[in-house]
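Peer 1: okay, structure incoming, though there's no sequence with it:
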């Protein structure tokens, strides 16, 4: 099936909206009656909503309605198989040290379906750094040493590379003094260490930080970057391993579909795709959800997985409390531009590069070889020097070509414009300064009968697929526990 | 309640069998009828059996019977609270990078209940190395450097510290050549590098390897040690973080009880403690389990979580296949001796030490401060120079005192003799050479209607609490899926 989401471009066909995905669900709904009082309505079928729907439907036989604005599951993580090759439109990489996602990979017996994005066994086998000072190539070992050195200086605010100030990464403010680090931006921290880093260190460091945040140096929270560093094990090698190495041979949607199928197998899952929500009204004894096309559904509880940057488009009654409204007003800063390019040069399989600051695409790697024998390059841009990749394809093609001039003979582009996506309004969560210190608990708080669950306010792998599953798990257990206590008294041990 | 398991010793009371634990379940059974055909009987209420029982009882409403030989939950992981302080009788430490256990810690909202075993902020703040060459103290930084250097040489069989030969630690034989490493013992590998390590490096390396395996250098599989190293992130810092740092403020039993309570809350869990199994008979359409006291229970499926070293005490009919019998005949090698000592010297809180090879207790750390203000020392011995700690308490006291002569004014000892425990016959799994290469898949295989699940043959954190939960999860899903397919046809997506 073809989703409305995403774009592909080839010389022959030009730019086309919509790409195929096994995450597109048909039939798009199995709702047969509007006169049902559900135990829980879950808004959103990303990993968070899928997990919540599965756990709720499987456990205790709750009566579950899953509503999704799009025509597909997966939210900000989904894959499109084109020419026998899976292009990851959003969230891609996973690791066995990410607890919630790995528990599911293990449970669905997919642990041997991972492959490495990197293959340095053949081809150019180098890293290319293009800066305003010129272009240089170096070995991947030199690349690693350069980034490790630069990042070490950047994060070393406590003489222990972050271990003292953030010893338990799933508890960001375990050390209360960590709150102060949320007052500063990546730019502020760079200014503090600028005299101790070389020009090349500075270029790769800024490129790497923008790869993570998808924002600008000014709107990237230093604390949140440190949180990423900490949860990656406080090393650059850990960042590589966790952030950008292991992906599914069959693409993300081959993983997500398991959650949906298991939920559906309970026969207690009702679902409706193409169902964006306009309002949620909680009268205290039950909650009514209204879709943009005027359909209404009622439930005892709601699990709302709408991303932070989209929450303002839903009307809540009673209105959300001031803290949550304030956080929504701030929003997150990630406007990552992710572009896949299929190029003819086989040797580029072992290439990586940073082009900064002139180019809209900053960081890129050789990510695979397609069945046609072409190299798959994945490239990332940010809010700094932002482009909408579909608006001017020539511009996008040039941005890819600038990563390695003369080497990028482009057969195909594939991408999803997350910035213009009305159901995402950005890519994975990345916070500006102060948002987490001021509002993390506000974001996590329930509001009457409405539970808010999203990777955007997970405590561990916040922003990641893992965080989405963490939050869906939390919400489903909370709803289940509450409904059991209310309606089905059980003996305590 | 007081368990039959464990021992405590004080000068005043002498040696006493049995220690208190919140893991002791009362009433010991809720079985009311013997004429029930269960969907699944689960043998063993360690973390593996508890997870399987919970997942089975919660999911799809399967009718579950949980049988346990002991008077308590937890198997080889349980805690005793004495004088307001939790002593960990077996498995202790967890980490947020261990996926299955962390998913549960997160789900049960226990993520902020972890504390570090180490506190180097006060007291002696040193590492003590006692060898046949004499005694030396050094800083913890020097300790770390010594161990990191020694371990690095030990594991570096591929020029990449194990990353090339074991790139996906949850898939031990991902690189087929890794099988060859299971032909050699820790002794063999030591012999190969002995010329490149200093006497102190050799002492701490041998001590650390025996801490992990609980065996001897000759019966410790080098491959399995490399697997530990790999899954700890290929660094000594990772080993410290994952293996011996974070524990529950309230003890392991405060965690395990959540699984049991959740399973019980479904009202679909029947359970019986004090119910060791003598035989399991599978007639093809159903399976009959007989306890040593002659009670019989029937089920469609069995999940057997009996540890490897105990499987020979259960009679299976039809007999187990040759591969599984062969693995059972080999068994695992871990005869760890774990002894807790409460000592008066407050300054020893920041002490650690290795005493090797003369002393029965090899590796020890200051692990906490009791409410009485005493220091809690935990010490580990192995099969090499093995003792049964309760047989000659004077001997055990001397072994503790030898760790830091003059510093160990002992108020209390607490321990569990895992070697004499008929339901464990050893501590956590550690393989001798060849066992995993020859029989890992045999151990994981089902036998008719009997599923075998244990941390002893987990694929990821094998030997750990995480591996137990991994395996319980796997078995419950397999049983559930099979019973649904057999009896309750559902539409496929």
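Peer 2: Here it is on my side, so go on. Because the structure is predicted, anything quoted here is derived from the model rather than measured.

Peer 1: can you name the residue of the stretch 101-250 of chain A nearest chain B?
Peer 2: residue A:102 (3.6 Å; Cβ to the nearest Cβ). C-betas here are computed from N, CA, C, even on glycine.

Peer 1: can you give me the end-to-end span of stretch A:239-250?
Peer 2: 23 Å (Cα to Cα, to the nearest Å).

Peer 1: run the chain-centre distance for it.
Peer 2: Relative to the chain's own centre, stretch A:239-250 is displaced by 13 Å; criterion: Cα atoms, centre = their mean, to the nearest Å.

Peer 1: mind listing what the spatially most central residue of chain A touches?
Peer 2: Closest to where the C-alpha atoms of chain A average out (Cα atoms, centre = their mean) is residue A:428, at 3.6 Å. Taking Cβ atoms under 8 Å, 6 or more residues apart in numbering or on different chains, we find residue A:428 in contact with A:76, A:90, A:91, A:214, A:334, A:336, A:455, A:463, A:464.

Peer 1: now with 6 Å, please.
Peer 2: A:334, A:463 (Cβ atoms under 6 Å, 6 or more residues apart in numbering or on different chains).

Peer 1: next one: it from residue B:472, what distance?
Peer 2: In this view, residue A:428 and residue B:472 are 32 Å apart by Cβ to Cβ, to the nearest Å.

Peer 1: equivalent analysis for residue A:70, please.
Peer 2: 35 Å.

Peer 1: do the same with residue A:383
Peer 2: The value you get for residue A:383 to residue B:472, if Cβ to Cβ is used, is 45 Å.

Peer 1: kindly report the same for residue A:332.
Peer 2: 37 Å.

Peer 1: quick one: which of those two has more around it?
Peer 2: residue B:472 (31 against 26; other Cβ atoms under 10 Å in any protein chain shown).

Peer 1: so the nearest residue to the more buried one once chain neighbours are set aside is in which element?
Peer 2: Sequence neighbours aside, residue B:51 is the residue nearest to residue B:472 in space, at 2.9 Å (criterion: Cβ to Cβ, 6 or more residues apart in numbering or on different chains). In this structure, residue B:51 sits in helix B:47-58 according to DSSP states H and E.

Peer 1: tell me the angle that helix makes with helix A:47-58.
Peer 2: 70 degrees (axes from the mean of the first three to the mean of the last three Cα atoms, to 10 degrees).

Peer 1: after helix B:47-58, which helix or strand is next?
Peer 2: strand B:64-67.

Peer 1: how far off centre is that following strand?
Peer 2: Counting by Cα atoms, centre = their mean, strand B:64-67 comes out at 22 Å from the chain centroid.

Peer 1: residue A:218 and residue A:82: what is the separation?
Peer 2: 37 Å.

Peer 1: which parts of chain A sit against chain B?
Peer 2: For chain A, the residues in contact with chain B (Cβ under 6 Å from any Cβ of the partner chain) are A:58-59, A:96-97, A:99-100, A:102-103, A:106-107, A:111-112, A:170-171, A:233, A:261, A:264-265, A:470, A:473, A:477, A:490, A:493.

Peer 1: other SSEs contacting the helix holding residue B:51?
Peer 2: The contact analysis (3 or more Cβ pairs under 6 Å, 6 or more residues apart in numbering or on different chains; DSSP states H and E) places helix B:47-58 against strand B:37-43, strand B:64-67, helix B:252-265, helix B:465-487.

Peer 1: identify the residues contacting the last one?
Peer 2: For helix B:465-487, the external contacting residues (Cβ under 6 Å, 6+ apart) are A:106-107, B:39-40, B:46-48, B:51-52, B:55-56, B:59-60, B:77, B:91, B:98, B:100-101, B:301, B:303, B:451, B:453-455, B:458, B:460-461.
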